[in-house]
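Colleague: got a sequence here, can you model it:
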Amino acid sequence: MMDAWKSADRWRQHSSGSAHRRSGKGLDPAAITSKDWASSLWSFSGGDGIVEYAINDRGRGRGNLQMSRAEQDFIHRTFELLDRLTGLAFNSVSSPSGADIRVYCAGKLGGSEGVAYKRENSFDVYWKDKKGWDLTAFEKFVIRHEIGHALGLDHPHGSGADRRYDTKDTVMSYNLVGNTKFTATDIQALQGLWGA
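Modeller: A predicted model of the protein is given here:
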């Protein structure tokens, strides 16, 4: 398991006058790379550069919720973006049983906001529903953060709460300052793992 935040309070939301301290050097893409998780995805996908993902849109399974069209579309667009940015090809499949990455919406996550689990042959990505059928900016952030883990991204220097960095540096930070997109550093790290 890569992420399991025990309360929403762990997500620090900063204003422009926050206590955020930048190192002045930017964030090295290697500081957000997990070669172990990237290696697992390579193995799960059969080493061919084609990653199959499934969206549990109907909420099958205990504790899982149905997804709105907006939520499904956002997940598809995220994988389409990653397909364009990296050397990987992402294919949507209807059955989660053979997928390399499976995406779920959960009503409860034991106090967590999102989590990425490494299973025997796949990654399971969960985010906690906040507003029913509406997709909030926070949910977009959590979805991209957790998908980032499945692709081999880690928290800055192993700590999502590292106050030197925020989501303007990397979507892998817990310190949310409004950005819900992959940053230039995220893209460099992904391309370092998977090519361009």
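Colleague: how much space between the spatially most central residue of the chain and residue 28?
Modeller: By Cα atoms, centre = their mean, the chain has its centre lying nearest to residue 146, at 2.3 Å. Distance from residue 146 to residue 28, counting by Cβ to Cβ, to the nearest Å: 22 Å. Every C-beta, even on glycine, is put in place using the N, C-alpha and C of the backbone.
Colleague: could you do residue 188 as well?
Modeller: 9 Å.
Colleague: more neighbours: the two, which one.
Modeller: Using other Cβ atoms under 10 Å as the criterion, residue 188 and residue 28 rank with residue 188 on top: 17 against 14.
Colleague: list the contacts of residue 169.
Modeller: Neighbouring residues of residue 169 by Cβ atoms under 8 Å, 6 or more residues apart in numbering: 22, 26-27, 156, 183, 185.
Colleague: check residue 188 and give its pLDDT.
Modeller: If you check residue 188, the pLDDT there is 97.
Colleague: what about it, which helix or strand?
Modeller: Using DSSP states H and E, residue 188 maps to helix 184-194.
Colleague: CA atoms only for that helix - export them in CSV, please.
Modeller: Provided in CSV are the C-alpha atoms of helix 184-194 (Å, rounded to 0.1, in the frame of the first residue of the first chain):
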residue,chain,number,x,y,z
ALA,A,184,6.5,19.7,-15.2
THR,A,185,8.4,17.8,-12.5
ASP,A,186,5.8,15.0,-12.5
ILE,A,187,6.0,14.7,-16.3
GLN,A,188,9.8,14.6,-16.2
ALA,A,189,9.7,11.8,-13.6
LEU,A,190,7.1,9.9,-15.6
GLN,A,191,9.1,10.3,-18.8
GLY,A,192,12.3,9.3,-17.0
LEU,A,193,10.5,6.0,-16.0
TRP,A,194,8.6,5.4,-19.2
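Colleague: who are the packing partners of it?
Modeller: With contacts taken as 3 or more Cβ pairs under 8 Å, 6 or more residues apart in numbering; DSSP states H and E, helix 184-194 sits against helix 35-44, helix 69-85.
Colleague: mean pLDDT and distance to residue 108 added to these, as TSV?
Modeller: Shown next, in TSV, are the helices and strands packed on helix 184-194 (pLDDT from 0 to 100; distance: least, Cβ to Cβ, whole Å):
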stretch	mean pLDDT	distance to residue 108
helix 35-44	96	25
helix 69-85	97	17
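Colleague: now the ones you listed in TSV, please, with extra columns for mean neighbour count and distance to residue 168.
Modeller: As requested, the helices and strands packed on helix 184-194 are exported to TSV (neighbours: other Cβ atoms under 10 Å; distance: least, Cβ to Cβ, whole Å):
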stretch	mean neighbour count	distance to residue 168
helix 35-44	17	23
helix 69-85	16	18
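Colleague: cheers, nothing more for now.
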